[in-house]
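*Asks:* Next one to model:
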Amino acid sequence: MDFDRVLIAGTGPTSAQLAVLLRNRLHSVVGIAGRTSLRSDAYFSALIRSGNTLRVDVQNEKHRKLAGECVADQYFRGYETVAGEWQVLVLTVTADAYVAVLEQLNRRVLQQLKCIVLISPTFGSNSLVRNYLRQHDASPEVISFSSYLGDTRWRHGVPSPHVLTAGVKKRLYMGSNLGRSDNTDLLCGLHESLGITVNVMDRPIEAESRNISLYVHPPLFMNDITLDAVFVEPEPTRYVYKLYPEGPITPVLIRTTVAQWKELTVLVEKLGATGVNLLRFMLEDSYPVRPESISAEDVERFERLPPLHQEYLVYVRYASLLVDPFSEPDCNGRYFDFSAIPIQPIFIDSAGKWDVPRMPKEDYYRTKIIQGVARHLESACPTIDALLENYEQKLLGAARALNGERMSDAFVVQDFHEDVHMICAELAVTP
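*Replies:* Predicted coordinates for the structure are as follows:
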């Protein structure tokens, strides 16, 4: 099988979880590769001290099938040092780093690959990777997941090969440029042995567009309330999923969410794929609410409802998740404060530079890619345009305020033109 020898690119918590699963369940020879950085140096030092042992603990006993440990067969400090023959490359890095990782790998390594698996891609990532490979005379199968299988973090809060998986998704989506294949069947079987349903889509873009972050993060993170909390006023703490004034959720934000969903749906359909019922997607693939809050009938007819009714139901969904509706109340009748996820402000990274938190930094890249593809296909996206313009104005204001201090590239307005161009070029040659 292709998964006899698997190279995992990335040294985050996700890579440890996947290494344990691949080594123990598929009996793959597993290599770990990472970039050269202060964080990865700490990771590799810890890996060496552990005797190359990777360990996964689980927070919930019902997820015990994901727990375990294994010994990594090889590790590579710096992608340019990767050597040997690898059949599968698993990219656990963020989607904006895909090309950067591939560029550092030896061309011989690339040309020997039979399959590349994208764990956390974004809209168009499969096309991006295939276009890069085409330019370098490589043609492995490229498989996109909708997202990573759960929530995995450092066990002790610092980079190490010991991680904790705190949550696991019930359903994922997957798409390959080859359609259904031996590799997609193998990955389906692996996930289903863990209790995770995998729906194989006809096209990679259909899997990539079934990531809830694409639909909810831009409105949640590119509004004035959240952006001020990120760039301007970190105190008092505000919370991502709370209603105003504790958080950014207002009727205007909900209107923006519904409008953006419709713009993205049009774009997905222009690419020959099918969109999602936003309300069903939120409730079945993210967090459910009680039927007393939203009925099955409302979910079923959501796409046919007038815009105001759609907005009302999405608002009810967020309001119903201020607490975990399925938690057990305490002696005072209080349920778990489910929505208390603080908005993270800008921070100084390990290199001593000001940086932007993962949210909204990753969302900026993902949304700019969508905007670029939409413009290429002449698909109107005024809501997405307005969100990005707002983010960039706040970003520039923060950069001016930090003038003279060291800042990461995240404080620069970007168009990600090369990635957009590669995606659109691949769309043009794909049947």
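
*Asks:* count of residues packed around residue 317?
*Replies:* Per other Cβ atoms under 10 Å, the neighbour tally for residue 317 reads 21. For every residue, glycine as well, the C-beta is placed using N, CA and C.

*Asks:* which residues touch it?
*Replies:* Neighbouring residues of residue 317 by Cβ atoms under 8 Å, 6 or more residues apart in numbering: 279, 282-283, 289, 293-294.

*Asks:* Same list (the residues you listed) but as CSV, adding neighbour count.
*Replies:* Converted to CSV, these look like this (neighbours: other Cβ atoms under 10 Å):
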residue, neighbour count
279, 23
282, 26
283, 21
289, 17
293, 16
294, 20
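
*Asks:* could those be laid out in a markdown table, adding secondary structure?
*Replies:* Below are these laid out as a markdown table (DSSP: H, G, I helix; E, B strand; the rest coil):
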| residue | secondary structure |
| --- | --- |
| 279 | helix |
| 282 | helix |
| 283 | helix |
| 289 | coil |
| 293 | coil |
| 294 | coil |
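
*Asks:* Okay, domains of this structure per the record?
*Replies:* Listed by automatic domain parsing, the domain ranges of the chain are 2-203, 212-429.

*Asks:* Start and end of the shortest one, how far apart?
*Replies:* Right, domain 2-203. The straight-line separation of the ends of domain 2-203 (Cα to Cα, to the nearest Å) is 21 Å.

*Asks:* Could you dump the contacts of residue 317 into JSON lines and include pLDDT?
*Replies:* Formatted as JSON lines, these follow (pLDDT from 0 to 100):
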{"residue": "279", "pLDDT": "98"}
{"residue": "282", "pLDDT": "97"}
{"residue": "283", "pLDDT": "96"}
{"residue": "289", "pLDDT": "96"}
{"residue": "293", "pLDDT": "98"}
{"residue": "294", "pLDDT": "98"}
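
*Asks:* Looking at the residues you listed, which is nearest residue 417?
*Replies:* Ranked by distance to residue 417 (Cβ to Cβ), the contacts of residue 317 are led by residue 282 at 32.5 Å.

*Asks:* and the closest one, what is it in contact with?
*Replies:* By Cβ under 8 Å, 6+ apart, the contact list for residue 282 reads 212, 216, 314, 317.

*Asks:* any idea which of those residues is the one closest to residue 346?
*Replies:* Of all the contacts of residue 282, residue 216 has the smallest distance to residue 346: 21.8 Å, by Cβ to Cβ.

*Asks:* which SS state does the closest one fall under?
*Replies:* Secondary structure state of residue 216, per three-state DSSP, is helix.

*Asks:* That one: how many residues sit nearby?
*Replies:* The local packing of residue 216 (other Cβ under 10 Å) involves 23 other residues.

*Asks:* Would you mind measuring from it to residue 207?
*Replies:* Taking Cβ to Cβ, to the nearest Å as the measure, residue 216 falls 18 Å from residue 207.

*Asks:* The chain: strands as residue ranges?
*Replies:* Assigned by DSSP state E, the strands in the chain fall at 5-9, 29-34, 53-58, 68-71, 74-77, 88-91, 115-118, 141-145, 150-154, 162-168, 171-176, 197-200, 347-348, 354-355.

*Asks:* I'd like those strands laid out as JSON lines, including mean neighbour count and distance to residue 407.
*Replies:* Output for the strands of the chain, formatted as JSON lines (neighbours: other Cβ atoms under 10 Å; distance: least, Cβ to Cβ, whole Å):
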{"stretch": "strand 5-9", "mean neighbour count": "25", "distance to residue 407": "27"}
{"stretch": "strand 29-34", "mean neighbour count": "24", "distance to residue 407": "24"}
{"stretch": "strand 53-58", "mean neighbour count": "20", "distance to residue 407": "34"}
{"stretch": "strand 68-71", "mean neighbour count": "17", "distance to residue 407": "39"}
{"stretch": "strand 74-77", "mean neighbour count": "18", "distance to residue 407": "27"}
{"stretch": "strand 88-91", "mean neighbour count": "25", "distance to residue 407": "27"}
{"stretch": "strand 115-118", "mean neighbour count": "25", "distance to residue 407": "29"}
{"stretch": "strand 141-145", "mean neighbour count": "25", "distance to residue 407": "32"}
{"stretch": "strand 150-154", "mean neighbour count": "17", "distance to residue 407": "26"}
{"stretch": "strand 162-168", "mean neighbour count": "19", "distance to residue 407": "30"}
{"stretch": "strand 171-176", "mean neighbour count": "22", "distance to residue 407": "36"}
{"stretch": "strand 197-200", "mean neighbour count": "16", "distance to residue 407": "40"}
{"stretch": "strand 347-348", "mean neighbour count": "12", "distance to residue 407": "10"}
{"stretch": "strand 354-355", "mean neighbour count": "18", "distance to residue 407": "5"}
